[in-house]
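Undergrad: A predicted structure for the sequence below; I have some questions about it.
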Amino acid sequence: MLIPSQVHHNYCHHECLSVLPDSFGLICWNVYKKNRLNDRFRSFMQKEIEKKKIDFLLFQEASFKADRPCLFEGFAFDAAANIEYRRSFYGVLTASRTVSKEARAFLSESKEAFFATRKSFLLTNYRYEDGSELLIVNIHAINFRENRSYNKETDRLLELLSVHTGPMIVAGDFNTWNQKRVTKLSGIRKALGLAMVPYGKDESVKSMFGNHLDFIFYRGLELLAYEVLEEDGISDHNPLFARFRKK
C-alpha cells in the first residue's frame, strides 16, 4: 500500500534557468510533510526565498503529486518518492531555479522497521557556464535499523558519488543519532573530500541523544554565509541555510 508506483518525479517551470549562477543560496529542511497544504509553511518559505535569495530547496519528508508544479514560482523540481499514500507521494525533493541536467532517484536497499518502508535519496546535476557540473545529493538516511544497515547504505552512497570529480553538495537528514553513525558519516565525508558547514553546537539544529541529525557538506565551493533559520513549529526540524560561490 505504501510502495510508490513511481520513484522519480520532476517538473520544469518555463521560467527556470538553464545555467547555474556562480553564487547561490540553499535551504535544507526536513519539512515533516508540511510543504504542500500548510499556509504557514508557504508564507515562511516565500519570505526566506526572497530575503535570502534562495536558488535551491532541499526538502526531506516532502509531500508532492505526480506532474504538479512546485509551490514556488520560478522553481523546477526533482523528487525521489519512498512512500505513496492516497495518490500523494512523499520523499526527498530538490527544487531549483536552474533546471537539472540529470537526475537520479534511489531507494534504500534496507527497509525501516515497523512499516517496512524504504528511505530515498536523490542525485541532481546542474551545469555552470564553463561546462563544469555541480552535483547535489539530497538524502534522508535509514533510521530505525541496526548500524550494519546504516553502514551498508552509506557505503553504497560513497560508491555512487566517488565517480563525480567536480564540485558537490551532500545534504539532508542523516539520522546520526548514535556515535557509531556519526563516526561512519565522518569517514564518508573525508573519503569524498567534503567540508562541513560549521553550524557547531547550535542547539536549534535537530538533534537526538546529543547528536545533530541534519548536515550540509560541500567541496569545490566557497562558503559565503550560513545560518540555522528559526521557524514557528511548522516542523520538528529547523531549516539550514547556506550560501556558496564556485571556486
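TA: Yep, that arrived. Since the model is a prediction, treat every value here as computed from it, not as a measurement. Residues are numbered from 1 along each chain as shown.

Undergrad: any low-confidence regions in the chain?
TA: Residue ranges of the chain with pLDDT under 70: 1, 37.

Undergrad: can you give me the helices in it?
TA: Along the chain, counting by DSSP state H, helices occupy 39-52, 147-161, 179-191.

Undergrad: Quick check: Asp22 touching Arg243?
TA: No: between Asp22 and Arg243 no contact is recorded; they are 11.6 Å apart, counting by C-beta atoms under 8 Å. For the C-beta atoms, the positions are set from N, CA and C on the backbone; glycine is no exception.

Undergrad: With neighbour numbers in mind, choose between those two.
TA: When Asp22 is set against Arg243 and neighbours are counted by other C-beta atoms under 10 Å, the residue ahead is Arg243, at 19 against 14.

Undergrad: Specify the beta-bridge partners of the more buried one.
TA: Beta bridges link Arg243 to Gly25, Ala225, judged by DSSP bridges.

Undergrad: quick revisit: mind checking the helices of the chain for the one nearest to Val92?
TA: Of all the helices of the chain, helix 147-161 sits nearest to Val92, with 12.8 Å by C-beta to C-beta.

Undergrad: Going by neighbour count, which residues of that closest one are buried?
TA: Ser149, Tyr150, Asn151, Lys152, Glu153, Thr154, Leu157, Leu161 (16 or more other C-beta atoms under 10 Å).

Undergrad: Kindly state the beta-bridge partners for the residue positioned nearest the centre of the chain.
TA: Computing the C-alpha centroid of the chain and ranking residues by C-alpha atoms, centre = their mean puts Asn138 first, at 2.9 Å. Beta-bridge partners for Asn138, by DSSP bridges, are Leu122, Ala171.

Undergrad: Begin at 40, not 1, for the rest of this chat.
TA: OK, 40 is where the count begins now, so the last one is Asn177.

Undergrad: Quick check, it in contact with Ala134.
TA: No: using C-beta under 8 Å, Asn177 makes no contact with Ala134, being 10.0 Å away.

Undergrad: Now the common contact residues for those two.
TA: Listed as contacting both Asn177 and Ala134 by C-beta atoms under 8 Å, 6 or more residues apart in numbering are Phe98.

Undergrad: now Asn69, which residues is it bridged with?
TA: On the basis of DSSP bridges, Asn69 is bridged to Gln99.

Undergrad: just to revisit the earlier point, which one of the buried residues of helix 186-200 is nearest to Arg157?
TA: Nearest member of those to Arg157, counting by C-beta to C-beta, is Glu192, at 9.9 Å.

Undergrad: and the closest one, how far is that from Leu59?
TA: Glu192 is 28 Å from Leu59, where distance means C-beta to C-beta, to the nearest Å.
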